[in-house]
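Asks: quick one: sequence and predicted model below, then my questions.
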Amino acid sequence: MPRFQLPEIVDGPQVSPPLPLSGLGIGEKLVEHYSFYAVFQTPEEYRLISGGKELGTLPIVNVMAPGMMIIFSGRRWVIQEVDDRDKVIMVTPSKGGTPPIFGGDPGDIHDVVIQRMFKVLEGHDAPTYMDQAARDLLDEARRYYAELGFTTSSISALSERSYAVATRAGTVKTTTLALALRGFGFAVETQDGFVSVVVQNEAPDLRSVLQGIAIGGEAELFSDQTNLIFEKFHPYLTRDLLQADALSARVDQGSLKKVCSGILQYPFVE
């Protein structure tokens, strides 16, 4: 039988500083706290503040940046500033209408699920298991979908300065496009397979931006105020590591070109 030599065991951390492991200061405090051993992850809660008044707290599980829109307490808000160290988000009321209130959070949705959703919206049959109330809701969704022109286009003009864009992609790719558009000066709100885009005062033409990204143009995803802290030990990482982590799981920079090309393959609905 082959013989194996056991490695020499040496007490204490065997890494070069400044990694925050046990015995090096911060790491010791972390492992002594009961929350270090929790099996599940609790989303980081951020305080929302508007006009000096605290609105409440909101658990953040995705990348947030100034110019993006969020829904809180049945209203739309535009993010102005993000302080990820103090966990504060400064917002102002959006000029859009009041959204419906839904409970729960579906989490990240896969591309295949979104593609199936669009297939259902563009179909005509109704599953036999649906009751009449469900069929009525499906018919209503298909009617609005067609009225907005999404059966033949991926961009629908909602007003002179606002658009609905069908990404036909899951949460990660849709969020990535939203971050890229925010980098060009647009106010953006993400939905399931869609982004709502509002043209700000100095923002360029939306279609031109999408065309530029589709041919490989540069797109800035992260600014100094982009929130990248939403996991348990994120507060202890450097900015570079936070960006690397976001790119590994929450953002798909390589998908931008394909997503924009898919959007532009349909005509633009005025």
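Replies: Right, received. Where do you want to start? Since the model is a prediction, treat every value here as computed from it, not as a measurement.
Asks: from now on I want contacts and neighbour counts done on CA atoms only, so please keep to that.
Replies: Fine.
Asks: and the helices in the stretch 101-250 of the chain?
Replies: 111-121, 132-147, 171-183, 206-214, 239-249 (DSSP state H, counting those that start in this stretch).
Asks: using CSV, list the CA coordinates for the fourth one.
Replies: Output in CSV follows, covering the C-alpha atoms of helix 206-214 (Å, rounded to 0.1, in the frame of the first residue of the first chain):
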residue,chain,number,x,y,z
LEU,A,206,-32.4,55.5,-25.3
ARG,A,207,-32.3,53.6,-28.6
SER,A,208,-28.9,55.0,-29.4
VAL,A,209,-27.6,53.8,-26.0
LEU,A,210,-29.0,50.3,-26.6
GLN,A,211,-27.4,50.2,-30.0
GLY,A,212,-24.1,51.2,-28.6
ILE,A,213,-24.1,48.5,-26.0
ALA,A,214,-25.3,45.9,-28.6
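Asks: got the contact list for the residue nearest in space to the middle of the chain?
Replies: Against the mean C-alpha coordinate of the chain, by C-alpha atoms, centre = their mean, the closest residue is residue 175 at 3.7 Å. Neighbour list for residue 175: 63, 190, 251 [criterion: C-alpha atoms under 8 Å, 6 or more residues apart in numbering].
Asks: among those, which one has the most neighbours?
Replies: When neighbours are counted as other C-alpha atoms under 10 Å, the busiest of these turns out to be residue 251, with 24 neighbours.
Asks: neighbours of the closest residue to residue 164 other than its chain neighbours, just the number please.
Replies: In space, and not counting its chain neighbours, residue 164 is closest to residue 196: 4.6 Å by C-alpha to C-alpha, 6 or more residues apart in numbering. The criterion is other C-alpha under 10 Å. On that basis, residue 196 has 21 neighbouring residues.
Asks: next one: residue 155, what pLDDT does it get?
Replies: pLDDT recorded at residue 155 is 93.
Asks: shaky segments in this protein?
Replies: Scanning the chain with the threshold set as pLDDT under 70 gives 1-43, 61, 96-106, 225, 230, 267-270.
Asks: surely residue 251 and residue 172 touch.
Replies: Yes: distance between residue 251 and residue 172: 5.5 Å, which falls inside the contact criterion (C-alpha atoms under 8 Å).
Asks: quick one, what contacts residue 179?
Replies: Residues 65, 68, 220, 221, 222 are the ones in contact with residue 179 under the rule C-alpha under 8 Å, 6+ apart.
Asks: tell me who's in contact with the last one.
Replies: Right, the one you point to is residue 222. With C-alpha under 8 Å, 6+ apart, residue 222 has these contacts: 65, 179, 183, 243.
Asks: export the contacts of residue 175 to JSON lines and append columns for distance to residue 53.
Replies: Shown next, in JSON lines, are those (distance: C-alpha to C-alpha, whole Å):
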{"residue": "63", "distance to residue 53": "24"}
{"residue": "190", "distance to residue 53": "25"}
{"residue": "251", "distance to residue 53": "32"}
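Asks: off-centre distance for stretch 47-59?
Replies: Going by C-alpha atoms, centre = their mean, to the nearest Å, the spacing between the C-alpha centre of stretch 47-59 and its chain's C-alpha centre is 20 Å.
Asks: and stretch 44-53, by the same measure?
Replies: Averaging C-alpha coordinates over stretch 44-53 and over its chain gives two centres that are 19 Å apart (C-alpha atoms, centre = their mean).
Asks: what does stretch 120-138 give?
Replies: Relative to the centre of its chain, stretch 120-138 is centred 29 Å away, using C-alpha atoms, centre = their mean.
Asks: flag every buried residue along it.
Replies: When burial is assessed from 16 or more other C-alpha atoms under 10 Å, stretch 120-138 yields the following buried residues: 120, 121, 122, 135, 138.
Asks: now for the residues you listed: which two are most distant?
Replies: Farthest apart among the buried residues of stretch 120-138 by C-alpha to C-alpha are 122 and 135. That separation is 14.4 Å.
Asks: list the contacts for residue 170?
Replies: Residue 170 is in contact with 108, 109, 110, 111, 112, 113, 114, 192, 193, counting by C-alpha under 8 Å, 6+ apart.
Asks: out of these, the closest to residue 146 would be?
Replies: Distance to residue 146, by C-alpha to C-alpha, is smallest for residue 193 among these, at 15.7 Å.
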